[in-house]
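Engineer: need a structure here:
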Amino acid sequence: MEALRKEDELASRVVLDIETVPVDWTDFDEEEQAYLLKSCENEEEEARERERLGLFPLTGRIVAIGMLNPESDKAMVLAEGLPGEGSSWEPEEGVEYWTGNEMEMLERFWDVVKRYQQIITFNGRTFDGPYLMLRSLLLGVAISRNLVPSRYKIVEHFDLLDVLSFFGATRRYSLDFLCRRTGLKSSKTKLTGARVAEAYQEGRVEEIARYCLEDVRATGQLLQRVQETMGTALPGM
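Structural biologist: Residues are numbered from 1 along each chain as shown. Got it, this is the predicted structure:
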């Protein structure tokens, strides 16, 4: 935790990303299961609906949180696992891996993120921010700041998806597509968000953590390109 926090204590910005998986279906009682599947008309639709549970904070949970200071390039990844397990993973300069359960991850996250003036995400106002806040609500973890301020207050939360779709005025492209079209390295080379749950079931948590790291790095690279080309036109930069 110290690698990111000590030098960057007064830093202004942090890039965020999370990886999520569905909770176990047996965690829901019969009434809850019926509620979740009420719009499904056959077993195929039920199977698809159950696969999507990880997309929503009341039916999914967080297994990795990535944070990157775009100025110093120092990063931290909080991942699900036995305490201290992350320190035994293959080391990488400027990166700290920390492991614990979801509640411990969230407690660490809120302690670090409160130190930053601006949050940088890709689709974070719609996904990462609400997910982090609602999972904390369910687990009783104190929230240190609002991750979902007014959509147009980009000085507080700079959501690149919002900015690059001009707040809905034009098409919303994926991070992978935007990186490829701008000549930047995409994070979707070995793993994709759609396959995180499969990787988790196979016990590949370290791979998920490294994928989360690549997502925040890709977001950071895209941020740099936006700064270089559009910075003077965007007051939140």
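Engineer: SS state for Y152?
Structural biologist: Under DSSP: H, G, I helix; E, B strand; the rest coil, the three-state class of Y152 is coil.
Engineer: and it, how many residues sit next to it?
Structural biologist: 9 (other C-beta atoms under 10 Å). Every C-beta, even on glycine, is put in place using the N, C-alpha and C of the backbone.
Engineer: For it, report the pLDDT, please.
Structural biologist: Y152 is assigned 85 on the pLDDT scale.
Engineer: So what's the gap between the biggest helix by length in the chain and the chain middle?
Structural biologist: Using DSSP state H to define each element, the chain has its longest helix at helix 205-230. Distance, stretch centre to chain centre, for helix 205-230: 11 Å (C-alpha atoms, centre = their mean, to the nearest Å).
Engineer: and if you look at stretch 49-64?
Structural biologist: 13 Å.
Engineer: repeat for stretch 27-37
Structural biologist: Using C-alpha atoms, centre = their mean, the offset of stretch 27-37 from its chain centre is 27 Å.
Engineer: Stretch 32-42 now?
Structural biologist: Per C-alpha atoms, centre = their mean, the displacement of stretch 32-42 from the mean C-alpha position of its chain is 28 Å.
Engineer: Could you do stretch 160-169 as well?
Structural biologist: 18 Å.
Engineer: could you point out which element follows the lowest-mean-pLDDT helix or strand in the chain?
Structural biologist: Within the chain, no helix or strand scores below helix 2-5, which has a mean of 50 by mean pLDDT, DSSP states H and E. Sequence-wise, the next helix or strand downstream of helix 2-5 (DSSP states H and E) is strand 13-22.
Engineer: State the mean pLDDT of the helix or strand that that next one is followed by.
Structural biologist: Per DSSP H and E, the first helix or strand lying C-terminal to strand 13-22 is helix 30-36. Averaged across helix 30-36, the pLDDT comes to 95.
Engineer: That's all I had, so thanks and see you.
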